[in-house]
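A.B. asks: just need the structure, nothing else, for what follows:
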Amino acid sequence: MNSVVPNGWDSKRLGDVASLIMGQSPTSDTYNDEKNGTPFFQGKADFGVKYPKVRYWCTSPTKIAPIDSILFSVRAPVGAVNLNNIEACIGRGLASISGKSIDNTFLYQSLIHAKVKFEALGQGSTFEAINGNELKEFSLVCPPLPEQKKIASILTSVDEVIENTQKQIDKLQDLKKATMNELLTKGIGHTEFKDSELGRIPKEWYVKSLDKLSILIKDGTHGTHKRLNEGVPLLSAKNISDDGHINCDNSDSLISEIDYQKIHAKYSIKENDLLLTVVGTLGRSALVPKGIQKFTLQRSVAIIRLDIREIDPEFCYQYFSGDEFQNKLSLRSNSTAQAGVYLGELGKISIPIPLLHKQKKIVSILTSMDKTIKEKKHKLAQTQSLKKSLMQDLLTGKVRVTVN
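C.D. replies: Numbers count the residues shown, from 1 in each chain. Predicted coordinates for the structure are as follows:
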């Protein structure tokens, strides 16, 4: 027996322990989005976190994936899996896998763990894909059935914690969004309102364009720089995360100290400067925190330095993440292949402004909600890391479970 197979386990072909159905796409005139016929899954695009989401139906299904089977992506990206919770037609981007002499939940977890190996198989072809024979020949290491069930139970319980934590995050984000829309349009405890160019706002508020609220609106360098092994990070839009984090560690480019000083002479990035992505991925924003490492910016990110006598940078950051500002930004973007907003257009965007002390009260409420969401996301990341470690230990036999 192969030495890498744990004592008491067997190495088995996937085709020997499971039933495989390779998908086949029906003709395009037989599927629709009007809920006529059988649910139809074409490929990875239909996958959710755990279960697929029905976007299309088919009146003349070809290959049927039974309920509780595992949907497996056989075309780029190869190896992604979902659990099939309804009987459905599957197209050629998918295969259906159902355990015969193997516990189906153990098989599902094993296929998730084997994703890297499947990706390596798929990269052997011109178009990233694997065929039915490769899938059938794929080797799995399998413990006895009682041990499979125990391992599956442990991993499923961790999945449940992950799913519940994600649901909590989703609910908190929905609550934050609703609270933000309320506070940034009606404020706190106002009873008198007036008409403005932005609609009804509290009587004591006023409206001002971003360029009138700013000391500086400037995008990053438009120049080209040699890629170095060490130097100052030159950040792009991808370095600004959805949750307002500035990531200097995965910069595509590093520039020399001399080049940095040339850029720095034109403008320096300071604490509480607001960064906004203005090319490609629009609308991500972040506040520069105290003590962050030295960095500079590519043209896809703009610096907005606000007049703090009139607007609190934290208030502006919260406003930037709201639907109202995001919609305005989208409407002012150009229609070229790569979306972007000219700085002149950015400066024209009007913002409703409460009195400064009221801005700080609104910020206090929203940042408290952000803190709770961040804590939940940290818990989620920890649990996902635990799941990854458990899979490596339990699905390889490195750590054995006790079966009663």
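
A.B. asks: so where's the stretch 151-300 of the chain shaky on pLDDT?
C.D. replies: Of all residues in the stretch 151-300 of the chain, none has pLDDT under 70.

A.B. asks: redo that, cut-off 80
C.D. replies: Residues of the stretch 151-300 of the chain meeting the criterion pLDDT under 80: 223-227, 252, 265-267.

A.B. asks: how about the helices in it?
C.D. replies: Ranges of helices within the stretch 151-300 of the chain are 210-213, 257-266, based on DSSP state H, counting those that start in this stretch.

A.B. asks: wait, which of these is closest to residue 237?
C.D. replies: Closest of those to residue 237 is helix 257-266, at 17.3 Å (criterion: CB to CB). Bear in mind the C-beta positions are built from the backbone N, C-alpha and C, glycine included.

A.B. asks: between its first and last residues, how far does stretch 11-28 reach?
C.D. replies: End-to-end distance for stretch 11-28, by CA to CA, to the nearest Å: 41 Å.

A.B. asks: as a markdown table, the helices of the stretch 151-300 of the chain with mean neighbour count and distance to residue 189 would be great.
C.D. replies: Formatted as a markdown table, the helices of the stretch 151-300 of the chain follow (neighbours: other CB atoms under 10 Å; distance: least, CB to CB, whole Å):
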| stretch | mean neighbour count | distance to residue 189 |
| --- | --- | --- |
| helix 210-213 | 17 | 24 |
| helix 257-266 | 13 | 44 |
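
A.B. asks: those: which one's closest to residue 372?
C.D. replies: Taking CB to CB, helix 210-213 is the member of the helices of the stretch 151-300 of the chain nearest to residue 372, at 29.1 Å.

A.B. asks: please save the CA atoms from that closest one in CSV.
C.D. replies: Extracted C-alpha coordinates of helix 210-213, given in CSV (Å, rounded to 0.1, in the frame of the first residue of the first chain):
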residue,chain,number,x,y,z
LEU,A,210,-16.8,68.5,-2.5
ASP,A,211,-14.4,71.0,-4.1
LYS,A,212,-15.6,73.7,-1.7
LEU,A,213,-15.1,71.4,1.3
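
A.B. asks: other SSEs contacting it?
C.D. replies: Here helix 210-213 is seen to pack against helix 343-347, strand 350-353 when contacts are counted using 3 or more CB pairs under 8 Å, 6 or more residues apart in numbering; DSSP states H and E.

A.B. asks: now for the helix or strand that comes right after the last one, which elements pack on it?
C.D. replies: Beyond strand 350-353 on the C-terminal side, the first helix or strand identified by DSSP states H and E is helix 356-394. For helix 356-394, the contact count by 3+ CB pairs under 8 Å, 6+ apart identifies helix 104-113, helix 145-186, helix 313-320 as packing neighbours.

A.B. asks: ok so, going back, hey, which of the helices and strands packed on helix 210-213 is tucked in deepest?
C.D. replies: Ranked by mean neighbour count under mean count of other CB atoms under 10 Å, the helices and strands packed on helix 210-213 are led by strand 350-353, which reaches a mean of 19.

A.B. asks: hang on, the earlier thing: could I get the helices and strands packed on helix 356-394 in TSV, plus columns for mean neighbour count and distance to residue 79?
C.D. replies: Converted to TSV, those look like this (neighbours: other CB under 10 Å; distance: least, CB to CB, whole Å):
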stretch	mean neighbour count	distance to residue 79
helix 104-113	22	8
helix 145-186	16	17
helix 313-320	22	37
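
A.B. asks: nearest to residue 248, out of those?
C.D. replies: For residue 248, the closest of the helices and strands packed on helix 356-394 is helix 313-320, at 18.6 Å, according to CB to CB.

A.B. asks: I'd like the next helix or strand past that closest one.
C.D. replies: Scanning forward in sequence from helix 313-320 by DSSP H and E, the next helix or strand is helix 323-331.

A.B. asks: give me the residue at the spatial middle of this structure.
C.D. replies: Centroid-nearest residue in the chain, with CA atoms, centre = their mean: residue 242, separated by 8.5 Å.

A.B. asks: just tell me which of the helices and strands packed on helix 210-213 ends up closest to residue 10.
C.D. replies: With CB to CB as the yardstick, what comes closest out of the helices and strands packed on helix 210-213 is helix 343-347 (62.6 Å).

A.B. asks: for that closest one, what is the distance to the chain centroid?
C.D. replies: Relative to its chain's centre, helix 343-347 lies at 28 Å (CA atoms, centre = their mean, to the nearest Å).

A.B. asks: could you do stretch 148-160 as well?
C.D. replies: Centroid separation for stretch 148-160 versus its chain: 25 Å, with CA atoms, centre = their mean.

A.B. asks: what does it contact?
C.D. replies: By CB atoms under 8 Å, 6 or more residues apart in numbering, the surrounding residues in contact with stretch 148-160 are 50, 102-103, 105-106, 108-109, 142-143, 383, 386-387, 390-391, 394-395, 401-403.

A.B. asks: domain map for this protein?
C.D. replies: The record, using automatic domain parsing to delimit domains, assigns the chain the ranges 10-142, 206-353.

A.B. asks: wait, residue 93 sits on residue 42?
C.D. replies: Yes - using CB atoms under 8 Å, residue 93 is in contact with residue 42, at 5.6 Å.

A.B. asks: before I go, just wanted to say thanks for your time.
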